[in-house]
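In: all I have is the shape, not the residue letters:
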């Protein structure tokens, strides 16, 4: 065998080996992609495992309730502070000069209350951003479910819903939302203790 033929055979064998290793590498890459897809499907189904709870919707409703309740409480605080300020102004006209400093101190504290109530606006804006983000994430998950064709009824082994609680923790539900059904209201609880 000539050197040239030997060199060609070695080159051919090297190319074939390289192609086989490329095929092996491609096969390995495809297996990794397949594993990633299976894992992604598992995670999506896990997110959807407890359809009744609808975690994202519930979370956004809870946050909306926080904003609403905080706004309502802040309005109550501001109204009370305004009445205190008005009363202090009326009393000021009938109080001797030596007690005017105390009236001014009351009015200064009312101003501090007004300033402190700015938290509600800032808090509301921040929570609204979180709510928008949760809606965005929920929409993306729904799109992934459509794309991957995930079957909600087939819950993978070991998948548990977010917020699934046991024992005493399962008894603690926090305040009810307006949309909650068959719940005891805070007014019912208050009347029970009065």
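Out: Arrived safely, thanks for sending. What you are looking at is a predicted structure, and each value in this text was computed from that prediction instead of being measured. Residues are numbered from 1 along each chain as shown.
In: just checking, what packs against the helix or strand where residue 72 lies?
Out: Assessed by DSSP states H and E, residue 72 sits inside helix 55-92. Secondary-structure packing of helix 55-92 (3 or more CB pairs under 8 Å, 6 or more residues apart in numbering; DSSP states H and E): helix 100-116, helix 119-148. (Each C-beta comes from the backbone N, C-alpha and C, glycine too.)
In: nearest to residue 46, of these?
Out: helix 119-148 (10.9 Å; CB to CB).
In: tell me the angle of the closest one relative to helix 55-92?
Out: Between helix 119-148 and helix 55-92, the angle comes out at 170 degrees (axes from the mean of the first three to the mean of the last three CA atoms, to 10 degrees).
In: what residues of helix 119-148 count as buried?
Out: In terms of neighbour count (16 or more other CB atoms under 10 Å), helix 119-148 has its buried residues at 120, 124, 127, 131, 134, 138, 141, 145.
In: that older thread, the helices and strands packed on helix 55-92: which one's closest to residue 60?
Out: Minimum separation from residue 60 across the helices and strands packed on helix 55-92 (CB to CB) falls at helix 119-148, 4.9 Å.
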